[in-house]
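> Predicted model and sequence below, questions to follow.
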Amino acid sequence: MSKNVLRSRTGRIAAGITAAITLVALASPATAGGHGHDTGHGHGHEHRHAGDDYALTVMGTTDLHGSALNWDYFKNAEYDDSAHNDIGLAKVSTLVNQVRAERGRSNTLLIDAGDTIQGTSLAYYYAKVEPISRTVKHPMAVAMNAIGYDAAALGNHEFNYGIPLLRTFQKQLDFPLLGANAIDDTTGRPAFSPYVIKSVRGPHGRPVRVGILGLTNPGIAIWDKANVEGKMRFDGLVEQAKKYVPEMRRKGADVVVVAAHSGADTSSSYGDALPFPENASTLVAQQVPGIDAILVGHAHQEIAQRVVTNEQTGKPVVLSEPLRWGERLTVFDIDLTWSRGRWGVDGVTSKVLNSNTVPEDPRIVKKLSAAHDKVVTYVNGVIGTSKEAMSAATARYEDTAALDFINHVQAESVRSDLTGDDADLPVLSIAAPFNKDAAIPAGDVSVRDVAGLYIYDNTLLGIKLTGAQVKAYLEKSAEYFQHVDGPGTYPASALTNAVTPTAPTGTPDYNYDVMAGLDAPLTYDIDLTRPVGSRVVDLAYGGTPVADDQQFVVAINNYRQSGGGNFPGVTSAPVLVNRQQEIRQLLIDWVTAHQVVDPATFSATNPDWRLVAGSTPLVVTP
């Protein structure tokens with residue numbers, strides 16, 4: 001702990017701040033100090049008075065993705081996962097209330113780093129089923145206003161439903177929506193406020209001016225091209241921060257906090273398609289002087305505290321990311337000292353609080369109950385009918401209509417977004433048996449029925465692969481199966497979930513992919529008598545053997561494309577389509593639009609793939 005920070009915390013006691021608050025601050029992680037010197041302010045050791053030190057707390061959320069209450073609409077039950085996380089703004093509100101009670105509400109601010117209005121059935125309902133308007137309020141706006149947010153950055157998913165709906169949401173907020181690098185294509189000026197400077201009451205009538213800069217993701221230009229092209233462009237985070245941080249300082253900001261919808265670890269899912277990286281928060285901290293803390297978003301990671309050194313000043317910048325969906329709340333504790341007529345930052349620490357440690361705030365639950373009930377009714381309501389039942393129970397070891405349905409919808413979606421010469425290429429799709437219990441009933445089909453087929457929040461991409469790469473991908477997938485000596489009848493447990501060097505307890509079901517064609521069938525056998533790496537035989541598209549140099553567009557989920565499962569060829573393959581559309585919602589939208597699900601339209605009478613021993617199909621029992 002630096003002497004400056006220790007001195008400022010001792011000063012709090014002298015100023016009469018409660019011992020309990022002091023103990024909370026002292027229990028924080030290791031301090032990153034010294035920001036007060038960035039602006040050339042010394043500390044008057046010989047003229048210190050009670051009230052020369054001040055403790056500011058800035059709380060933050062990110063990637064709420066329409067999570068208002070602790071509820072899983074697809075399971076029609078309270079949210080839970082393997083880590084027993086809780087979600088939602090009602091939980092966040094309780095944490096915020098506790099921090100405000102400890103620190104004093106006037107000594108705190110609350111901000112968000114984006115991706116607010118997309119991601120749950122609640123968000124979808126108020127974008128597509130009953131779109132928000134002058135009279136229909138967005139539940140996320142209602143909750144955030146009630147909690148008392150001070151500012152929020154734009155996320156890339158804010159643009160999923162179009163700019164008009166985003167502007168309606170913006171008008172419903174009691175706080176500014178910030179996006180310094182969202183530029184109006186017509187005027188060249190910021191399309192949203194770049195920043196806001198909030199005045200916080202300091203001791204002895206000395207207000208602390210806190211600058212909050214909002215930065216969003218350049219990838220919007222690719223992911224939501226259909227909604228933003230010709231209307232807005234999205235410049236680099238570093239470039240815009242270099243412009244606005246000095247401006248904020250000139251306008252009197254004593255503290256500068258950035259809300260950045262951009263991950264901490266520098267990378268780009270879109271390669272060099274844009275001149276600005278997707279995940280750039282660390283670069284902002286390193287390359288832009290004058291920043292004290294960065295609330296990180298977009299990457300859905302938990303970072304309690306990361307200290308990055310600014311390359312120009314040598315001063316530390318503290319980064320924190322509170323996971324997603326309201327599962328965590330970031331708390332930045334910022335220590336300031338009054339010297340030479342203004343406030344300077346002595347040090348910053350951060351931590352995250354867990355939403356599963358507190359109950360929902362009943363005030364927020366009450367405000368959202370009517371909207372929540374509407375969405376529960378919608379999700380359990382009928383959106384179409386199916387001519388036949390479709391089950392995923394056997395999808396691990398035989399061709400099923402359930403996985404064919406997923407592949408059909410994915411491939412159709414990718415096909416609709418292809419342009420130029422790529423539009424003439426054959427389209428394939430991959431899907432995994434995520435949920436053995438999933439089933440679409442014959443007759444009425446609800447949103448929940450469809451959602452059960454796809455239990456993850458993956459988004460869809462279209463990549464380009466050669467025939468050789470398609471075969472290599474299928475060979476990797478076929479590692480899921482165990483070796484057999486010859487034809488016969490086998491229980492599924494004797495064939496699936498093979499133990500491998502990278503899966504010592506057995507290859508999980510979600511790492512087995514089925515590949516299918518859209519306009520013509522992709523057919524192949526998997527010969528389990530052959531060694532791993534040479535099991536895929538008779539690979540053909542439309543009845544013609546696939547050539548090594550043949551080109552295909554493959555619909556694939558973001559988990560696979562980013563390297564999940566370590567499938568060959570995909571991470572470096574050209575990305576042709578990436579609108580960041582959730583696959584689960586695409587399935588729901590397809591049923592809603594078509595009304596009738598007829599497996600005969602996408603699932604051939606004869607299986608496209610099968611397990612064999614030599615040329616003899618294996619018989620598999622559950």
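Perfect, thanks for sending it. Residues are numbered from 1 along each chain as shown.

> Tell me the buried residues in stretch 219-239?
219-224, 227-228, 232-239 (16 or more other CB atoms under 10 Å). C-betas here are computed from N, CA, C, even on glycine.

> Over to stretch 430-446?
Ile430, Ala431, Ala432, Pro433, Phe434, Asn435, Ala438, Ala439, Ile440, Val445, Ser446.

> Ok, stretch 565-584 next?
565, 567, 569-570, 573, 575-584.

> How many neighbouring residues does Leu460 have?
By the criterion of other CB atoms under 10 Å, Leu460 has 25 neighbours.

> pLDDT of the stretch of helix or strand it belongs to, averaged?
Per DSSP states H and E: Leu460 is located in strand 460-466. Mean pLDDT, strand 460-466: 97.

> Name the next helix or strand following that strand along the chain.
Heading C-terminal from strand 460-466 (DSSP H and E), you reach helix 467-477.

> so what does that following helix touch, helix or strand wise?
Where contact means 3 or more CB pairs under 8 Å, 6 or more residues apart in numbering; DSSP states H and E, helix 467-477 is packed against strand 514-517, strand 536-541, strand 551-557.

> which other helices and strands contact the shortest one?
For strand 514-517, the helices and strands in contact under the criterion 3+ CB pairs under 8 Å, 6+ apart are helix 401-417, strand 427-431, helix 467-477.

> Ok, the second one next?
Strand 536-541 is packed against helix 467-477, strand 522-527, with contacts defined by 3+ CB pairs under 8 Å, 6+ apart.

> how far out from the middle of the chain is the shortest one?
Distance, stretch centre to chain centre, for strand 522-527: 35 Å (CA atoms, centre = their mean, to the nearest Å).

> circling back to that earlier point, what about the helices and strands packed on strand 514-517, which gets the closest to His204?
His204 lies closest to helix 401-417 among the helices and strands packed on strand 514-517, at 59.7 Å (CB to CB).

> List the buried residues in the closest one.
Neighbour count says helix 401-417 has 401-415, 417 buried, by 16+ other CB under 10 Å.

> correct me, but Glu388 touches Val596?
No - if you go by CB atoms under 8 Å, Glu388 and Val596 don't touch, sitting 11.0 Å apart.

> Of these two, which one has the most company?
Set Glu388 next to Val596 and count neighbours by other CB under 10 Å: Glu388 wins out with 14 against 11.

> How about the contacts made by that one?
Glu388 is in contact with Ala401, Ala442, Asp598, Pro599, counting by CB atoms under 8 Å, 6 or more residues apart in numbering.

> what about it, which SS state?
coil (DSSP: H, G, I helix; E, B strand; the rest coil).

> Just flag the most distant two among the buried residues of stretch 219-239.
Asn227 and Val238 (24.9 Å).

> Tell me where the stretch 251-400 of the chain has strands.
Taking DSSP state E, counting those that start in this stretch to define them, one finds strands in the stretch 251-400 of the chain at 255-260, 293-296, 302-309, 316-322, 328-339, 342-354, 382-386, 390-391.

> what about those strands, which gets the closest to Ala143?
strand 328-339 (14.1 Å).

> on that earlier part again, columns distance to Ser121, mean pLDDT and mean neighbour count on top of the helices and strands packed on helix 467-477, output as a markdown table?
Output for the helices and strands packed on helix 467-477, formatted as a markdown table (distance: least, CB to CB, whole Å; pLDDT from 0 to 100; neighbours: other CB atoms under 10 Å):
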| stretch | distance to Ser121 | mean pLDDT | mean neighbour count |
| --- | --- | --- | --- |
| strand 514-517 | 27 | 97 | 23 |
| strand 536-541 | 37 | 98 | 17 |
| strand 551-557 | 20 | 97 | 24 |
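
> I'd like to know which of those strands is closest to Arg103.
Closest among the helices and strands packed on helix 467-477, once you apply CB to CB, is strand 551-557, at 42.2 Å.

> In contact with the closest residue to Gln172 other than its chain neighbours: list those residues for me.
Leaving out its chain neighbours, the residue that sits closest to Gln172 by CB to CB, 6 or more residues apart in numbering is Ala141, at 4.0 Å. Residues in contact with Ala141 (CB under 8 Å, 6+ apart) are Ile132, Phe169, Gln172, Leu173.

> Surely Glu479 is within a strand?
No - assigned with three-state DSSP, Glu479 falls outside any strand and is helix.

> List the residues that contact Val65.
Actually, residue 65 is His. It isn't Val. Contacts of His65 (CB under 8 Å, 6+ apart): Asp115, Thr116, Gln118, Gly119, Thr120, Ala123, His157, Arg324, Trp325.

> Provide the partner residues of Val256 in its beta bridges.
Gly211 (DSSP bridges).

> Could you tell me which residues make contact with it?
Here Val256 is in contact with Val210, Gly211, Leu213, Val245, Met248, Arg249, Gly290, Ile291, Asp292 (criterion: CB under 8 Å, 6+ apart).
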